[in-house]
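My questions are about this predicted structure, shown below with the sequence.
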Amino acid sequence: MNSRTHQNLQKVFLASVILCLIFPLVSLVLHAPGFQSQKYMEEDQSEKLHMSPTTRLSHDDWIETHGIASDYIEWFFSTSPSQIINVWVLDSSSYSQFVLTGIASGYHLKTSNTGGGKFDVSSFLRQTWYVIFWNDVFDSKSTTVSYNGYFNDNTLTPNINVTEPTSSSNYIKGEEIIVKWTSANAGNSLKVELFKGNSFNSTLLAYTLNDEVHLVQIPSSLLDGSNYRIKITSHKNAVFGFSENFTIQSYKYCKVISPAEGEVYKSGDVISIIWETNCKSIEAEIELKTFDDRDYIYYIDMNALNNGNYNWTITAQDLPETEKWFFIKVRPKDCNANVTFGGFFTIKKPSTIPSYNISIVIWAVIWINTTVIIFIKKKHHL
């Protein structure tokens, strides 16, 4: 074996020894607790990050991102080519107004062509916040906006609170109703179901965004009942919430609650007329009727607001010539409702004794007395 071959064998041997020493060390480092924690932490963080949305904006165009926050909102954006953009943070009410009118009235954070920041919402009640990226520069050219918004809500325990329907809600089969709720850490999507008591009835929405309000349709095949409930369940985790019990009926109704049976009124009194109805009519007709419902009908207001309350001041011209038993009837317009009238009551007739000026009466009495006295004195002298 020559010297060159011997040297090559020595190099191969040394390389093998070095690899045998390095491999265990590398394996040890990779499986070390500190390294594993850092590795998993980086993976977890990468799962939370997402690609920035992009959109093209022209003059008066806008784009939004929203979420529920209890701590802070972190946002950033950039434009290409460079274009001035307004950044606003709006609550739900201000956002609705902005969509309707195009006027923002929330918190103006920035006017620039790039940047970011953090908006503290910890002093506000927990709610949905909207970050608006708005291009309102006149004669501006279309530009691409890249944006992100992070809504920190990790400090709250997951929950869902259904705020509507309530115990006073009364609906008709087949109609659309509004469901409202609030939530914490419940994710971006939910399921809406209908229960009767503790028994499942039907799925109203298998999937809806967690935007805290939605229209749902009541099935038309339900039985009448007063123990229906809405259940809202998170798709993200095992959290749900129930509404209060509410009523579903197969017919529309209107019931007068006040005035009560046996009440007595007089001219000048104010009667508080109270009724309840599941008719959605804007206006209602209010009538004063007598017991026999034939010989006297007085139209109190044919265009009253159907809000369940009306104050009526009794005047003398409202009353019939003879005293009668009366009742109030309320009929919502454009609604074929089952109408229930209120209790019977009476209205006292105004006094028929004529009223006179008291000073005239006094002077008349004095004049008569004086005349009688003078007459008696003259007769006595005679």
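Okay, I see it.

neighbours around the closest residue to residue 282 other than its chain neighbours, how many?
The spatial neighbour of residue 282 that comes closest, neighbours along the chain excluded (C-beta to C-beta, 6 or more residues apart in numbering), is residue 306 at 6.0 Å. For glycine as for every other residue, the C-beta is placed from the backbone atoms N, C-alpha and C. Residue 306 is surrounded by 22 other residues when neighbours are defined as other C-beta atoms under 10 Å.

Same check on residue 210?
20.

And for residue 258?
15.

For residue 96, see how far away the closest residue to it other than its chain neighbours is.
Counting by C-beta to C-beta, 6+ apart, the nearest residue to residue 258 once its immediate chain neighbours are dropped is residue 274, at 4.0 Å. Shown here: residue 274 relative to residue 96, a distance of 32 Å by C-beta to C-beta, to the nearest Å.

So the two - more neighbours on which side?
Between residue 274 and residue 96, counting by other C-beta under 10 Å, residue 274 is the more crowded of the two (17 against 12).

what does the helix or strand containing that one rub up against?
Taking DSSP states H and E as the definition, one finds residue 274 inside strand 270-277. With contacts defined as C-beta atoms under 8 Å, 6 or more residues apart in numbering, strand 270-277 is touched by 170, 252-259, 265, 284, 286, 300, 306, 308-314, 328, 330, 332, 335, 337, 342.

What about the residues you listed, which are in strands?
When these are checked against strands (DSSP state E), the matches are 170, 253-258, 265, 284, 286, 300, 309-313, 328, 330, 332.

List only buried entries from the residues you listed.
Listed as buried from these are 253-257, 265, 284, 286, 300, 310, 312, 328, 330, 332; burial here means 16 or more other C-beta atoms under 10 Å.

The residues you listed: which two are farthest apart?
The span of these, defined through C-beta to C-beta, is set by 253 and 265 at 26.3 Å.

Okay, helices next: where are they in the chain?
3-30, 33-48, 92-101, 358-381 (DSSP state H).

These: lowest mean pLDDT?
Within the helices of the chain, the stretch with the lowest mean pLDDT is helix 33-48, showing a mean of 36.

looking at this structure, which helix or strand does the model trust least?
Averaged element by element with mean pLDDT, DSSP states H and E, the chain has its least confident helix or strand at helix 33-48 (a mean of 36).

domain ranges for the chain?
Listed domain ranges for the chain are 54-151, 159-249, 253-348 (source: automatic domain parsing).

Report the separation between the most centrally placed residue in the chain and residue 163.
Note on the chain: the residue nearest the mean C-alpha position is residue 180, at 6.1 Å, using C-alpha atoms, centre = their mean. Residue 180 sits 5 Å away from residue 163, going by C-beta to C-beta.

now swap in residue 330 and tell me
Residue 330 sits 29 Å away from residue 163 when distances are taken as C-beta to C-beta.

how many neighbours does the residue nearest to residue 111 when sequence neighbours are not counted have?
For residue 111, ignoring the flanking residues on the chain, the nearest one in space by C-beta to C-beta, 6+ apart is residue 86 at 5.3 Å. Neighbours of residue 86 under the rule other C-beta under 10 Å: 17.

I'd say residue 86 and residue 107 touch.
No: using C-beta atoms under 8 Å, residue 86 is not in contact with residue 107, being 11.5 Å away.

what pLDDT does residue 237 get?
Confidence per residue is given as pLDDT, and for residue 237 that number is 80.

Once you drop chain neighbours, what's closest to it?
residue 158 (5.6 Å).

My guess is the one you found contacts residue 240. True?
No: counting by C-beta under 8 Å, residue 158 sits too far from residue 240 to count as a contact (9.9 Å).

any shared contact partners between these two?
Both residue 158 and residue 240 are in contact with residue 234, where contact means C-beta under 8 Å, 6+ apart.

Quick check: the gap between the nearest residue to residue 102 once chain neighbours are set aside and residue 133.
Computed as C-beta to C-beta, 6+ apart, the closest residue to residue 102 that is not its neighbour in sequence is residue 60, at 7.4 Å. In this structure, residue 60 and residue 133 are separated by 13 Å, where distance is defined by C-beta to C-beta.

Those two: which is more packed in?
residue 133 (24 against 12).

check contacts around the more buried one.
So residue 133 contacts 57, 62-64, 77, 85-87, 145, 147 (C-beta under 8 Å, 6+ apart).

top of these by neighbour count?
Neighbour counts for the contacts of residue 133 were taken using other C-beta under 10 Å; the highest belongs to residue 85, which has 27 neighbours.

is it true that it touches residue 145?
Yes: when contacts are counted by C-beta under 8 Å, residue 85 is listed as touching residue 145 (6.3 Å).

Now do the shared contacts for those two.
Shared contacts of residue 85 and residue 145, defined by C-beta under 8 Å, 6+ apart, comprise 57, 77, 79, 133, 135.

which residues does the closest residue in space to the last one that isn't next to it in sequence form a beta bridge with?
What that stands for is residue 135. For residue 135, ignoring the flanking residues on the chain, the nearest one in space by C-beta to C-beta, 6+ apart is residue 57 at 4.1 Å. Listed beta-bridge partners, residue 57: residue 143 (assigned using DSSP bridges).

do you know how far residue 57 is from residue 99?
The value you get for residue 57 to residue 99, if C-beta to C-beta is used, is 16 Å.
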